[in-house]
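Student: Show me the folded form of this:
(one chain, ligands or ions: 1)
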Amino acid sequence: ITAWANVPMGPPDPILGVVEAFKKDTSDIKVNLSVGAYRDDSGKPRVLDCVRKAEDFIISQRLDKEYIPIIGLDSFNQAAIKFAYGENSAPLKENRIAVAQSLSGTGSLRVAASYIQRFMGSNTTILVPKPTWGNHLSVFHDAGLKTTDYRYLNKSTNSLDIQGFLSDIEAAPNGSVILLHGCAHNPTGVDPSPEQWKQIMEVSQRKKFVNFFDVAYQGFASGDPHKDAYSLRLFTDNNLPIILAQSFAKNMGLYGERIGAVSIVCNDVEEKNRVLSQMKILIRPLYSSPPISGARIAERIFNDPSLNKEWLTELKGMADRIIEMRSLLKSHLVNDFNSKLNWDHITSQIGMFCFTGMTPEQVVRLRDEFHIYLTSNGRISVAGVNSKNVRYIAESFHKVTQ
Ligand SMILES: Cc1ncc(COP(=O)(O)O)c(CNOCC(=O)O)c1O
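Tutor: Numbering: from 1, shown residues only. Down below sits the predicted model:
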């Protein structure tokens, strides 16, 4: 008997399981609407031109492959938090933000969760939206934290249930940690309006929440990085406690480079130095130091003026293509197929994903009858929609919902 005879087969990841089924489908009209990565109008992955140019420059420098510090490349770190908090941010100017490069968004979330567990205690509960990105729950539970849902999606309108949101967080214990998607909520694509963010902030301020922002789509949602940072900057500029996990997977297309940053706003430089020392102590036994490549590319894109300008244009281009596909999908449904249902949420939602409102049965029909693949919760990745398949998708959506 081997030592692992009792290890059970784990369930497949709900998202990756759909991709496997898509790959097995031999139909030539199959459509993958489950993948959480950008695709261009030909359905192909996109490496940004500014990334290629940054890579060429870096290679030409013939740099060494020595370890970088436990907290990563500081030139990248400083650029990443300036991008998020804004150059006029007081904590930034007063140098009181503890920041460490980490393994993309997931690694940043995990380091932050471990920090919370260690310095706020194992009984700390994180308030998470319902629904949230599936991996959030695994990251927090594996870090030894409990999670409690707060209402987020109004299922009948596929828009924000702001009253449910506010009453659930009002009922939570003072001093709780609240996870907030900075922009482009995954999986619903539903974001609070600026007014609603102010209502949320008022409760958080009064109840002394620690605000744990997950910002994985800054600039990718609206095309404007400042607009997409509105919620984070509103809370920060009002001196609320902030923990931030940043990912550059989507907005720089650096998925596999695993480049992100975790940051904690502190009261002063002395506190920042203490917090940073503890982040290093947490990171060292996790993965010791982060990878060089993605940090060097991102640093060039932030700090080289022409590459930065080119990036912002390409970033807006990706956001605009997704926004255009949203309006095309909706107009086909309403104008071509004369659907009598309300599809406003397709264009009022924002970012990579759209919560269509499809039932699990309708999702099965889309897969079996129309070879269209999306997750069972009805989420589609709008990145998978393009000018060639958008009409077919609309026709199929109409047929399963009429
Ligand atoms: C909200 C959120 N936070 C964090 C992350 C972390 O991403 P990464 O670790 O790649 O930076 C992601 C990436 N999601 O992946 C797409 C999908 O849901 O199919 C995310 O959506």
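
Student: In this protein, what residue spans correspond to strands?
Tutor: 31-32, 97-103, 125-130, 146-151, 153-154, 159-160, 177-181, 210-215, 242-247, 259-265, 353-355, 372-373, 379-381 (DSSP state E).

Student: Ok, which of these comes nearest the ligand?
Tutor: Taking Cβ to the nearest ligand atom, strand 242-247 is the member of the strands of the chain nearest to the ligand, at 3.1 Å. Heads up, the C-betas are built off the backbone N, CA and C, glycines and all.

Student: Lys53 touches Glu310, doesn't it?
Tutor: Yes: the pair Lys53 / Glu310 is scored as a contact, 7.5 Å apart, by Cβ atoms under 8 Å.

Student: where do the helices sit along the stretch 201-350 of the chain?
Tutor: 225-228, 230-237, 269-287, 292-303, 305-331, 344-348 (DSSP state H, counting those that start in this stretch).

Student: Dump those helices to JSON lines, plus mean neighbour count, mean pLDDT and distance to Thr359.
Tutor: Listed next are those as JSON lines, based on neighbours: other Cβ atoms under 10 Å; pLDDT from 0 to 100; distance: least, Cβ to Cβ, whole Å:
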{"stretch": "helix 225-228", "mean neighbour count": "18", "mean pLDDT": "98", "distance to Thr359": "31"}
{"stretch": "helix 230-237", "mean neighbour count": "20", "mean pLDDT": "98", "distance to Thr359": "31"}
{"stretch": "helix 269-287", "mean neighbour count": "15", "mean pLDDT": "98", "distance to Thr359": "40"}
{"stretch": "helix 292-303", "mean neighbour count": "23", "mean pLDDT": "98", "distance to Thr359": "39"}
{"stretch": "helix 305-331", "mean neighbour count": "18", "mean pLDDT": "98", "distance to Thr359": "18"}
{"stretch": "helix 344-348", "mean neighbour count": "18", "mean pLDDT": "96", "distance to Thr359": "15"}
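
Student: Which one, of the ones you listed, ends up nearest to the ligand?
Tutor: Of all the helices of the stretch 201-350 of the chain, helix 292-303 comes closest under Cβ to the nearest ligand atom, at 10.3 Å.

Student: Residue numbers of the stretch 1-150 of the chain in contact with the ligand?
Tutor: Ile15, Gly36, Ser104, Gly105, Thr106, Trp133 (Cβ under 6 Å from any ligand atom).

Student: Contact partners for the second one?
Tutor: Taking Cβ atoms under 8 Å, 6 or more residues apart in numbering as the contact definition, Gly36 lies against Ile15, Asn186, Met352, Phe353, Ser381.

Student: Buried residues, stretch 62-76. List them.
Tutor: Ile68, Ile70, Ile71, Gly72, Leu73, Phe76 (16 or more other Cβ atoms under 10 Å).

Student: does the ligand sit close to stretch 243-254?
Tutor: Yes: applying Cβ under 6 Å from any ligand atom, one finds stretch 243-254 touching the ligand at Ser247, Ala249.

Student: Equivalent analysis for stretch 182-198, please.
Tutor: Yes: using Cβ under 6 Å from any ligand atom, stretch 182-198 reaches the ligand at Asn186.

Student: Figure out which of the helices of the stretch 201-350 of the chain is closest to Ile200.
Tutor: When the helices of the stretch 201-350 of the chain are compared by Cβ to Cβ, helix 230-237 sits nearest Ile200, at 8.2 Å.

Student: and the closest one, what other elements does it pack with?
Tutor: helix 74-85, helix 194-206, strand 210-215, strand 242-247 (3 or more Cβ pairs under 8 Å, 6 or more residues apart in numbering; DSSP states H and E).

Student: how distant is the longest one from the center of its chain?
Tutor: Read that as helix 194-206. Relative to its chain's centre, helix 194-206 lies at 21 Å (Cα atoms, centre = their mean, to the nearest Å).

Student: got it, and stretch 17-35?
Tutor: 23 Å.

Student: Mean confidence (pLDDT) on it, please.
Tutor: The pLDDT scores in stretch 17-35 average 93.

Student: Of the buried residues of stretch 62-76, which pair is most distant in space?
Tutor: Maximum distance among the buried residues of stretch 62-76 (Cβ to Cβ): 13.8 Å, for Ile70 and Phe76.

Student: ok, Glu170 to Gln163 distance?
Tutor: Separation of Glu170 from Gln163 (Cβ to Cβ, to the nearest Å) stands at 10 Å.

Student: what does Thr125 give?
Tutor: 22 Å.

Student: likewise Val51?
Tutor: Relative to Gln163, and taking Cβ to Cβ, Val51 is found at 43 Å.

Student: Compare the two (neighbour count), which wins?
Tutor: Val51 (23 against 11; other Cβ atoms under 10 Å).

Student: Chain neighbours aside, what residue packs nearest to that one?
Tutor: Spatial nearest neighbour of Val51, chain neighbours left out: Ile297 (5.9 Å); criterion: Cβ to Cβ, 6 or more residues apart in numbering.

Student: The one you found reaches Ile259, doesn't it?
Tutor: Yes: the criterion here is Cβ under 8 Å, and Ile297 meets it with Ile259 at 7.5 Å.

Student: where do the contact lists of the two overlap?
Tutor: Joint contacts of Ile297 and Ile259 (Cβ under 8 Å, 6+ apart) are Met252.

Student: Residues of the stretch 151-300 of the chain that sit close to the ligand?
Tutor: His181, Asn186, Asp214, Ala216, Ser247, Ala249, Gly260.

Student: Just the closest residue of this protein to the ligand, please.
Tutor: Gly36 (2.2 Å).

Student: What's the local residue count around the nearest residue to Asn154 once chain neighbours are set aside?
Tutor: Leaving aside its chain neighbours, Asn154 sits nearest to Asp161 (4.0 Å; criterion: Cβ to Cβ, 6+ apart). Counted by other Cβ under 10 Å, the residues lying close to Asp161 total 20.

Student: returning to what we had before: columns distance to Phe370 on top of the helices of the stretch 201-350 of the chain, output as JSON lines?
Tutor: Shown next, in JSON lines, are these (distance: least, Cβ to Cβ, whole Å):
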{"stretch": "helix 225-228", "distance to Phe370": "33"}
{"stretch": "helix 230-237", "distance to Phe370": "37"}
{"stretch": "helix 269-287", "distance to Phe370": "43"}
{"stretch": "helix 292-303", "distance to Phe370": "37"}
{"stretch": "helix 305-331", "distance to Phe370": "14"}
{"stretch": "helix 344-348", "distance to Phe370": "17"}
